[in-house]
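Participant: test case, fold it:
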Amino acid sequence: RDKLVTGVQTCALPIFMAGAEMGNRVTRVLTGVVLARCLTTFEFGLIALVLTTYELVRMLIHNGVGARIMQADDAELDEVCATVHRMNWAVGVVMCALQAALAWPIAHYFDADVALLLVSLSVVHLVYPVALVRSCVAWRDQRMTLTAGLTFFQISLDNVLTAAMALMGYGVWAAVAPKIVVAILWTIIVLLTVDPRPRAKITRAKLWDVIAYSRRVLGAESLNTFRANADKMIVGKFLGMEANGIFWFAANNGSGIATGLSTAIGQAVLPYLARGEIAAADLERRFWNSVRAMSFVIMPIILLQVILAPWYVPLIFGEKWLPAVPALMLMCLGALSRPIVVATSQLLRAVGAVDLEWRIAKYNAVLFVLALVAGLPFGVVGVAAALAVVNIIPAMIFARAALERASADRAAAPSSNLAEAAA
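Facilitator: Numbers count the residues shown, from 1 in each chain. The predicted model follows:
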């Protein structure tokens, strides 16, 4: 019976997350249509600059401590949760101060009126730490309806409020104010629906254990976030805000759909790969099952986007976005590697091999910079083409390296559980 329950949870969680993400994508497309018709390409460029800065600062919270909660055994869970909660608050304060401090220098450097937008959005960094640990505990307990519902609520409400404010004429503020409102509401719902863990004393040994685990994950996530966002800042600086608006539009309405879906479904991959004592062969089987499951959902959407983009972009978003079509198609093709990229990252975290994830992230960052430099002289389309190439080709090489590392670790300790493998 326990095996049956586990199997149902394993299958259901990706389905719940995919369903939530599809719902989010519907509202995001509708919001994208409203923004595309209400805002100019220059205003799109300003929004891209603000949200890119926000995401680059926010990468500090992607430090792997949530995964550390998932891998903790029952005996240490309360102490790990208390430690992570303290770390989340420290990181939140740092992020808020950093974004506020960067607001005016960024506005001056890009010659863009975004300082007040950035300062206002920095408040969000002080809201989420209140409930992040409880959210991770819900993931650990595989509360599928709650976690999928929260994901849907958080993103869809943001989209709906953004569209409503754009229609009311709030301009670029339509992309900022809803994030503050949603952060507060999300936190309240988590506090009301997830019970707090018993208070536990934070020991120095456990603090250093969590820091040691998160340090390399943070490095990898920082480089991944840099790759996902820095291109927009560089395009904005060297090609101008209008080109940045076109580039951001292409990224959000092209690869953004595949990226969002793979990220949402990928959240269910870590518990699937990490559960129980898994032999090397079974771990590889689960890895490829995860890749196939994500590909089954994502690849048909990508191919349809590529084929239909020349028709649906001007029809839905307006004729002024026709110049974005070639870049959008190229970005869609570059997203074909997302299932294997996400599965590779989660596999390495499942076996505790975050050092290899860090090295892979460094290689990817170097390739990203080289591609960006090579593509800039050819405009937005050149950048999109170069990034598509470096997204696809290295993915299989890194996946094979990850599988070999995971198999070697499991062969050396065949009966180890996740906590032992991570140690």
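Participant: what about the helices in the stretch 251-400 of the chain?
Facilitator: With DSSP state H, counting those that start in this stretch, the ranges of helices along the stretch 251-400 of the chain come out as 255-266, 269-274, 280-312, 325-334, 338-350, 354-375, 379-412.
Participant: can you tell which of those helices is closest to Ala243?
Facilitator: When the helices of the stretch 251-400 of the chain are compared by CB to CB, helix 379-412 sits nearest Ala243, at 5.5 Å. C-beta coordinates here come from the backbone N, C-alpha and C atoms, glycine included.
Participant: residues of the closest one that come out buried?
Facilitator: By neighbour count with 16 or more other CB atoms under 10 Å, helix 379-412 contains the buried residues 379-392, 394-395, 398-399, 401-403, 405-407, 409-410.
Participant: now do that helix against helix 354-375, angle only.
Facilitator: Interaxial angle of helix 379-412 relative to helix 354-375 (axes from the mean of the first three to the mean of the last three CA atoms, to 10 degrees): 160 degrees.
Participant: helices or strands next to helix 379-412 in the packing?
Facilitator: Packed against helix 379-412 by the contact rule (3 or more CB pairs under 8 Å, 6 or more residues apart in numbering; DSSP states H and E) you find helix 204-239, helix 241-253, helix 280-312, helix 325-334, helix 338-350, helix 354-375.
Participant: would you turn those helices into a markdown table with mean neighbour count and distance to Thr187?
Facilitator: Output for the helices and strands packed on helix 379-412, formatted as a markdown table (neighbours: other CB atoms under 10 Å; distance: least, CB to CB, whole Å):
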| stretch | mean neighbour count | distance to Thr187 |
| --- | --- | --- |
| helix 204-239 | 19 | 22 |
| helix 241-253 | 25 | 26 |
| helix 280-312 | 16 | 29 |
| helix 325-334 | 23 | 33 |
| helix 338-350 | 25 | 26 |
| helix 354-375 | 18 | 28 |
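Participant: nearest to Ile155, out of these?
Facilitator: Closest approach to Ile155 among these is made by helix 241-253 (12.9 Å; CB to CB).
Participant: what angle do helix 325-334 and the closest one make with each other?
Facilitator: In terms of direction (the same axes, to 10 degrees), helix 241-253 departs from helix 325-334 by 40 degrees.
Participant: helix 241-253: how far from the chain's middle?
Facilitator: Averaging C-alpha positions (CA atoms, centre = their mean, to the nearest Å) puts helix 241-253 19 Å from its chain's average.
Participant: ok, now stretch 101-108?
Facilitator: The chain centre lies 25 Å from the centre of stretch 101-108; the measure is CA atoms, centre = their mean.
Participant: what number of residues lie near Val26?
Facilitator: As a burial measure, Val26 scores 12 neighbours (other CB atoms under 10 Å).
Participant: about what we covered before: and the helices and strands packed on helix 379-412 as TSV, adding mean pLDDT and distance to Val194?
Facilitator: TSV is the format used below for the helices and strands packed on helix 379-412 (pLDDT from 0 to 100; distance: least, CB to CB, whole Å):
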stretch	mean pLDDT	distance to Val194
helix 204-239	81	20
helix 241-253	88	31
helix 280-312	87	26
helix 325-334	93	36
helix 338-350	86	23
helix 354-375	87	26
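Participant: as TSV, these with distance to Ala174 would be great.
Facilitator: Shown next, in TSV, are the helices and strands packed on helix 379-412 (distance: least, CB to CB, whole Å):
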stretch	distance to Ala174
helix 204-239	18
helix 241-253	14
helix 280-312	23
helix 325-334	22
helix 338-350	28
helix 354-375	29
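Participant: and these: which comes nearest Met70?
Facilitator: Among the helices and strands packed on helix 379-412, helix 338-350 comes nearest to Met70, with 9.1 Å by CB to CB.
Participant: so which of the helices of the stretch 251-400 of the chain gets nearest Met87?
Facilitator: Among the helices of the stretch 251-400 of the chain, helix 354-375 comes nearest to Met87, with 16.2 Å by CB to CB.
Participant: just the angle between the closest one and helix 204-239, please?
Facilitator: Using the same axes, to 10 degrees: helix 354-375 against helix 204-239 is 10 degrees.
Participant: which residues sit in contact with the residue positioned nearest the centre of the chain?
Facilitator: With distances taken as CA atoms, centre = their mean, Thr263 lies nearest the centre of the chain, 5.8 Å away. With contact set as CB atoms under 8 Å, 6 or more residues apart in numbering, Thr263 has these partners: Val342.
Participant: how close does it sit to Cys81?
Facilitator: Distance from Thr263 to Cys81, counting by CB to CB, to the nearest Å: 24 Å.
Participant: tell me the pLDDT of Arg275.
Facilitator: Here, the pLDDT recorded for Arg275 equals 63.
Participant: do Val389 as well
Facilitator: Per-residue pLDDT puts Val389 at 91.
Participant: again, but for the one 10 residues further on
Facilitator: pLDDT for Ala399: 90.
Participant: likewise for the one 3 residues further on?
Facilitator: Reading off the confidence values, Ala402 has pLDDT 88.
Participant: same check on Arg143?
Facilitator: Arg143 is assigned a pLDDT of 79 by the prediction.
Participant: can I get the helices of the stretch 251-400 of the chain in a markdown table with distance to Leu218?
Facilitator: Output for the helices of the stretch 251-400 of the chain, formatted as a markdown table (distance: least, CB to CB, whole Å):
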| stretch | distance to Leu218 |
| --- | --- |
| helix 255-266 | 17 |
| helix 269-274 | 16 |
| helix 280-312 | 23 |
| helix 325-334 | 25 |
| helix 338-350 | 12 |
| helix 354-375 | 9 |
| helix 379-412 | 19 |
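Participant: return the distance of Gln154 relative to Val124.
Facilitator: Distance of Gln154 to Val124, given as CB to CB: 12 Å.
Participant: quick one, what contacts Val390?
Facilitator: Val390 is in contact with Asn364, Leu367, Phe368, Leu370, Ala371, counting by CB under 8 Å, 6+ apart.
Participant: let's have those residues in CSV, adding distance to Tyr109.
Facilitator: Formatted as CSV, these follow (distance: CB to CB, whole Å):
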residue, distance to Tyr109
Asn364, 26
Leu367, 26
Phe368, 21
Leu370, 24
Ala371, 23
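Participant: which of the residues you listed lies closest to Val160?
Facilitator: In terms of CB to CB, no member of the contacts of Val390 lies closer to Val160 than Phe368, at 33.1 Å.
Participant: contact partners for the residue nearest to that closest one when sequence neighbours are not counted?
Facilitator: Leaving out its chain neighbours, the residue that sits closest to Phe368 by CB to CB, 6 or more residues apart in numbering is Arg227, at 4.5 Å. If a contact means CB under 8 Å, 6+ apart, then Arg227 has Asn364, Ala365, Phe368 as its contacts.
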